Each structure stands twice: as structure tokens, then as C-alpha cells.
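K.L.:
compute the structure for the input listed below.
(chains A and B)
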Number of protein chains: 2
Amino acid sequence: MEFVTGICEGREMGLDILTDPAMLEKEAVTTGMIHSIRDMGEIEFVILRRREGLIQTVLEKNTSDGSLKELHEGQAVRVEGIVKAEERAPHGVELKLTGAEILSRPEEPLPVAIDKWKLSTSLEANLNHRAITLRNVRERAKFKIQEGICRGFREFMTSQGFTEIHTPKLGAKSAEGGANLFKLQYFHRPAVLAQSPQFYKQMMVGVFDRVFETGPVFRAEKHNTKRHLNEYTSLDFEMAYIDSFMDICRMETSMLQYVMKLLETEYKNELELLHVKLPNTEKIPFVRFDEAKRLVSEKYHRQIRTPHDLEPEEEALIGEYFKSEYDADFVFVTHYPSKKRPFYAMDDPADPEYTLSFDLLFGGLEITTGGQRIHDYRTLLKKIEERGMEEEGMEDYLDCFKYGMPPHGGLGIGLERLTMKLIGEDNVREACLFPRDMTRLKP
Amino acid sequence: MEFVTGICEGREMGLDILTDPAMLEKEAVTTGMIHSIRDMGEIEFVILRRREGLIQTVLEKNTSDGSLKELHEGQAVRVEGIVKAEERAPHGVELKLTGAEILSRPEEPLPVAIDKWKLSTSLEANLNHRAITLRNVRERAKFKIQEGICRGFREFMTSQGFTEIHTPKLGAKSAEGGANLFKLQYFHRPAVLAQSPQFYKQMMVGVFDRVFETGPVFRAEKHNTKRHLNEYTSLDFEMAYIDSFMDICRMETSMLQYVMKLLETEYKNELELLHVKLPNTEKIPFVRFDEAKRLVSEKYHRQIRTPHDLEPEEEALIGEYFKSEYDADFVFVTHYPSKKRPFYAMDDPADPEYTLSFDLLFGGLEITTGGQRIHDYRTLLKKIEERGMEEEGMEDYLDCFKYGMPPHGGLGIGLERLTMKLIGEDNVREACLFPRDMTRLKP
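P.N.:
Numbers count the residues shown, from 1 in each chain, chains lettered A, B, ... in the order given. As a prediction, this is how the structure comes out:
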């Protein structure tokens, strides 16, 4: 009998090996896709695209090698060559080709010039050819950074004793905001897609004390703006035994500090490629909702039109205000009016018109909503009754409180919005591999 | 202006601090839910449930403290006391209570005795009261182990240069197996829920070379068995520049070794709680599909009825065979018949009736399907034509191949099935927080 025992070191070399000074003048084998070929007269630069970056290889045009003569853009290849020092090449080395094996050949040339430094397509064309345009190294780098955010979030949460959960995306009728739900038939029964893991993560706080989830959420919102996606990745956490909603803000601040540190150390190349300057997360100012409204109204001579909500323009101005006054990239806006928060938000005992909740703005855009939740069964029932809501569909959620729940709170972060702001884009679609909006359902 | 600067050490102590010998005879504060109260005559044992485990606290019944008199099961509390050595207590310490603050009170006693060592409910009752029954420490431990598997998978993939991706779960009509798709209306257009990230992860191989995803998949399969869920968490990876599908098997083997190591070191308590003996992943036998069928047919005197597929009973016997012959918990079954594999599976050039694909069985149950994919555009078109399939809905997928793709392959792992086998359960619902099957859509 034969056995599989695990991976073994292959003969193919990545950038880390090729750029090792010990490799200079030595033979090397690597793989990649031919990103571009530049004719330099006697020689050609054949640029390979690998997951770690671009590698410059050099081909002498008068080669007698059959495969080397056939190299074309878009091919996947395995090449052999001698490692040479070359200051002008990316990473300071190039590979002088001695042989090649063509692993696959494209049928047609690429429809987009992906080897340009910056893609020259419209966003629409970029998204239409998404699987191709992402081959551009700058486009691709955005999603390495997104990976780093998600990874940092999970690593930090795990380090703080949070348990990762996987909650269902298919459910029976939910009470939380029926208008924004996608509906479907589930074996001849009506079902909906989860617009957030809210109820489940709260229920799991009674089990694990601290939980987090990273997964898709679905919003049938009829918004077609630069800030909205109808499917996005939500980073959620919920924690028990908080003294105040400020414990949630503190946890998020430490998480963001961890993420920025991780990006700084392990995603350096991508940050440089995209000219990203990491935001300051060392100290994040916090301000009450009503105070924030007043501050921007005064400074920017803007009339307050919606006393119970922040308009997008107002959020942007709050961002501007705290950037100019305190050089702050983030700001916690606290104590949102009860009217505009879900029924499970805890009202401020000192002033029940407002809640013990917050949004976190990053560059003037809401990227997080969170707060302390009601944990007392009777208070929850009273709130549901006052709002004229039905308990139907919430039985399992309410049961948890009936049998006892610890004080708790939590938040949800839009991964694409956080990524977008970090990489300095202004359309959330730029920070989503395959965005879903009112008019886009593919690719 | 005030600022949030991050988390600070609280006064509450977890198990790690309480069990530190330096804490003996010292004052301590901790929080938890009252898991059970045992009357011992003069004293009561008040067992607290925290995320790390159970803590024994001791209450003198003749206390004059008001809150201490009011302690009841199901409450969330913050307690103070003196740490005492006590061999018979969990973790060797107990807390002699001096004070308590009751943070929340249940309205009704729990409907299930969660403090029993093993839940005595039926699976049906367990699932109906899921958010409550999970408060049982053994039930809860299953999902800590599930967390460890998922975490280990991601950590290992990241260490091997794989990029994490988030692909959409909502899409336009997909060509891959229309019968098993959940359908819905997406802003007046027909849409489906993703039954796998297959197309997207292949498309992203052209961008990142190596990708992985952990996320929900949706199967409208009309199976109501112990092995099936209609929504489950799939651990997927896809990698370029493979020489053979065996590279995928090797990567999975190394990943499993990493996961077992992680469980062994960081989830020791949960493994002990559930009496889990970790399976052997050092060497995993592999056997051809037709050979496996022949082996079990001969050994167990069983007629081969379905030459192109493995029946569940046959899978179980293959598991039994390799356990008895080689003490193997896992076995790779390779070269599945082309007829039973999707169009994108690469046929074996040596015998095109079979594919360069595999399943991984764990204890006689399929937990993984994987293999090498077709990467040549014309071969793919030919296969689609031969099968009488339509290219409609696959344009974006096919475009990737038209413009060139590296050789690649990958796999998908059912997280719940892997968890179930690891913890020794025989119904996949036991390994899912909130299972979805043909008759269950809540809680």
C-alpha cells in the first residue's frame, strides 16, 4: 500500500528563494504567468506574475531553444535560468532564461492591459472583466490587504478568548427589519436570507461569553450608492460581562491596532504598492451623537435637518471636523437616538431618548455599528410591545433571555467599507472581489 | 476631547489567573452564569460557567450578605471570594464567596438539565432548544473543536501562501447542477444561492495562484439523512502549478496534520472532555476507486451494484477495510469515473473513463471531494459540448480560460462532517450550531 505523508519541498522557487543572495549565479526553476513581454532589441524582458509579485526574466532572442522561442503573454510557464543581480529589476534580481516549459496557452490576448501600472478601464469595465482585471498587481494587492484585515480581526478575537461561530444564513421569517430581506422558498416554506448574525451571536453569548463571526450578510436595500452592497462580508463580535458599551469601543480599538500592526509587518509590499498610509488607531476620539451634530452645524454653518439620524454628508463633515481638529482618522459617535436603533439596543437610563450605542466613522464613513444590548427579558418584551412588533419568529431568541442572559454588547463591521477607506478608494465596489448591487449579479 | 485607547486589564479573573498558585488565599473577582447549585448541608457549591470552563465557588448558607442569599441557577453574576486549594474541585481550586452582584435574573428555570454530564434529551429536543442545550459544557466543547479545525485550516493555508477570498453567495443562473440550487428573486431578476465557490475559486487561481475560502454553501438536495445538511460550512482551497492531483492530496494531508497538532496543543481540555482520540494523519493510504470497490467486494462478499459510484455502505466498508488492514482512519479514494464527476474534472489521459480526482474518507464517510481541473480552454469547451451543457451563465468562468489559466486543482471539505467524525458523533446535525435540513429552518 502507498501512503500520502504530506507536502514536500518542490524544485520550484518563489521570490523569497530567488532573492536570497546565496542564489546569485545559481540555477533556478520557477513558475508563473507571463504578465508582459518587453522587446529590448537583442533581448526581451519576460515578466512573470507569481503570487508574491513580479519576476523579471531575460530572454536572448537568438536562442535556439524551441519553447523559449514560443513564449507569449498570457501563458502559464515553468522556466529555468541563472539568477543574476540586476538593480533595475523588481527585487534586485532577474533570471537569465535557459529553458522553458509552456504549461498552458491562452486562446486570445487579454481584453484589458493588465500590465499597466494603473488600470485604465472604467469601474464598470473593471467589474465586467473582474477575474481578468484582478490580475493587475495593484488591483490584486487591494485584496491581499483585505485578507490581512480579516485575518487580523480573527487572530485578535481568538487571542481575547472569543469563539468563532458559524450561524445559518437561511432562516424562517425574522422580525428584524422585514423590508430589507431577500425572500425565497425553502422546500415549499417561506425563508429569508440573514441580514446579520445579530440574534444568533447574542444567543451564543449565553454559551461562549464571547463570540465572533466573519461571513456574508444579505441586504435587499434599494440603495444604489457608492457605499452600499447588497451582499457583503460582516465582521461581527459579541461579548458578555461588559460594564458599559465603551468596553465594546475599547475592544474594537485594540482590534484595529492589532490589524494595523499586522498589515505593517506582513503586508508591507501591498501597502507600498498602493501608497497606503496606515491610519492612526492609537487613540480614537468619541463624541455624543447630538454633540457631533452641533459641532459640524456650527463649524460648517449647516442646518440640522434630521435630528434623529446622521445624513451621509453629516458623517463626512464629522470625519472632516475630527481630522482637522485632532488629526483623527476614526471617531466613535455615541448615544444614537433610540428611535433610529433596533429594539434590542439598550436605552440610556440617564436619558431613554438615546441608546448606549455607537457608530465608528472612518474618514467620515460609518464602518461599524455597535452597542450594549438589552439582556433583561421583561425589558425586552416591553420594548417589543412599545414598538408594536410581533414576537412571532423571535421565540427562540426571546427564550434565551427568559432563561437568563449575561449583560452584553457587540458590533458589526463592514469589511469592504473598512478596506475601501484603508486603500483610499471612494466606491465600495473597488473593495469587493465580485460586488452585488441592484443591477449587478455577475460575474 | 476624550479618546478610546484600547482594552485595559479588568478586575475580573479568568480560569488562568484563578488557578495560578500565586492566587491561593488571595481575594479574587470573577464573573459567570450559575450553572448549578448543589446543597451540601452547611454549605452550597455554586458552580459558575465561564467561557474557559466551570469554576466551583462555595457559599456558607448562614451568610448575612443579601446578594449571596439570593443566588439562583441561571443568574449571571459577578462574585468576590478567597481562592482556596481544593483537590476535588475542577482545576483544583475553589472560590470561597464573600460577596456577589447579581447581573441578571432568569424569568423561568431552564427547560433542560444542562448541568448533567451528558444531555439526556433527544437530538430533536436538543436542536429545538439549541441556544440553551449548548450551555452544557460537553455540547459547547464540540464547537470549540470545530473552531480549532477552521482556525487550523486557515492558519495552515496562510502559511503556504494561499490568499483568503470572499466570493458571492448570490449569483445569476449557474450551470453547475441546477437541480440542487435554491432560487430567489433578486430585484425582479432570478438568482440562485451558491452551492459551492467552485467557479470563483478557479477564477481566482489566475490571480493569486493559491486561494482558500471558508464559508456557507447551500444545497437544495432532497436528502434527509444523517450525513446531509442543506446549508453547511465548506473549507475550500484551489492551487495552481500542480504536477498532479496528488499535490492536492499532499496539501490536504499536511493541513490535517497541522490541525491535529493545533487541537492537541490548544484544545486539550475539550478533547479530554469529549474523550476524543485524535486520528492518525501521519500517513494516509490511497487507493483507486475501482480497486477500492474490488477490495471490499472480495473481503465483505458484497456484489458491486453501482460500478460508477460509491454507495454510502461501500464507503463505510472501505473505511472499515483500511482501518483493519492498515489502522488507517483516513483513506484517499482516487480516479473516480468521469461520468460521476463534474465537467471541469480533468480526465486521466491514460484512461479517460476515469478522472484525476479523489475523495477523502474519514471513518468511512466522504469529507472531501477534490481533484485536478481542466485548464485548457478548448478541452473545457469540448467537454461542455459532449455533455450537452449550455455555455450560458458560464461566460465569465470560460473567459478566464480563454485568456489563459495555469494548471490547477483543489478541494472542498465539509466542516461539519469532519467535526462530526472527529468527535465521534454519527449525525452531522450534532456538529452544526443551528442545522438546516429539509424540515428544520429554525432556531
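
K.L.:
going forward, measure contacts between C-alpha atoms and count neighbours the same way
P.N.:
Will do.

K.L.:
quick one, phi psi at A:L360?
P.N.:
Per-residue torsions, A:L360: phi -110, psi 120 (degrees, to the nearest 10).

K.L.:
give the closest residue to A:H308 in space, chain neighbours not counted.
P.N.:
A:P337 (5.8 Å; CA to CA, 6 or more residues apart in numbering or on different chains).

K.L.:
and the one you found, what are its bridge partners?
P.N.:
Beta bridges link A:P337 to A:Y354, judged by DSSP bridges.

K.L.:
these two touch, right, it and A:Y354?
P.N.:
Yes. Here A:P337 reaches A:Y354: they are 4.2 Å apart, a contact under CA atoms under 8 Å.

K.L.:
of those two, which one has the most company?
P.N.:
Ranked by neighbour count (other CA atoms under 10 Å in any protein chain shown), A:P337 and A:Y354 place A:Y354 first, with 24 against 21.

K.L.:
tell me the contacts of that one?
P.N.:
The contact partners of A:Y354, by CA atoms under 8 Å, 6 or more residues apart in numbering or on different chains, come to A:H335, A:Y336, A:P337, A:S338, A:D347, A:D348.

K.L.:
could you do A:L422 as well?
P.N.:
Contacts of A:L422 by CA under 8 Å, 6+ apart are A:V276, A:L278, A:P279.

K.L.:
just the element for the second one, please.
P.N.:
Here A:L278, judged by DSSP states H and E, is contained in no helix and no strand.

K.L.:
now swap in the first one and tell me
P.N.:
Assignment of secondary structure by DSSP H and E places A:V276 within no helix or strand.

K.L.:
any idea how far chain B is from it?
P.N.:
20 Å (CA to the nearest CA, to the nearest Å).

K.L.:
name the nearest residue to that residue, ignoring sequence neighbours.
P.N.:
Using CA to CA, 6+ apart, the closest residue to A:V276 is A:I423 (5.9 Å).

K.L.:
OK, contacts around that neighbour?
P.N.:
Taking CA under 8 Å, 6+ apart as the test, what A:I423 contacts is A:K142, A:L274, A:V276.

K.L.:
A:L110 belongs to a strand?
P.N.:
No. Per DSSP: H, G, I helix; E, B strand; the rest coil, A:L110 lies outside any strand segment and is coil.

K.L.:
enumerate every residue touching it.
P.N.:
A:L110 neighbours (CA under 8 Å, 6+ apart): A:G74, A:I132, B:Y403.

K.L.:
narrow these to those in helices?
P.N.:
A:I132 (DSSP state H).

K.L.:
coming back round to it: now rank the contacts of A:L422 by neighbours and give me the top one.
P.N.:
A:P279 (17 neighbours).

K.L.:
which residue is the nearest non-sequential neighbour of that residue?
P.N.:
A:D329 (6.0 Å).

K.L.:
check whether that neighbour really touches A:F322, as I assumed.
P.N.:
Yes. Using CA under 8 Å, A:D329 makes contact with A:F322 at a distance of 7.5 Å.

K.L.:
so what's A:T158 up against?
P.N.:
A:T158 touches A:E164, counting by CA under 8 Å, 6+ apart.

K.L.:
and it, that one's in a strand?
P.N.:
No. Under three-state DSSP, A:T158 sits outside any strand and is assigned helix.
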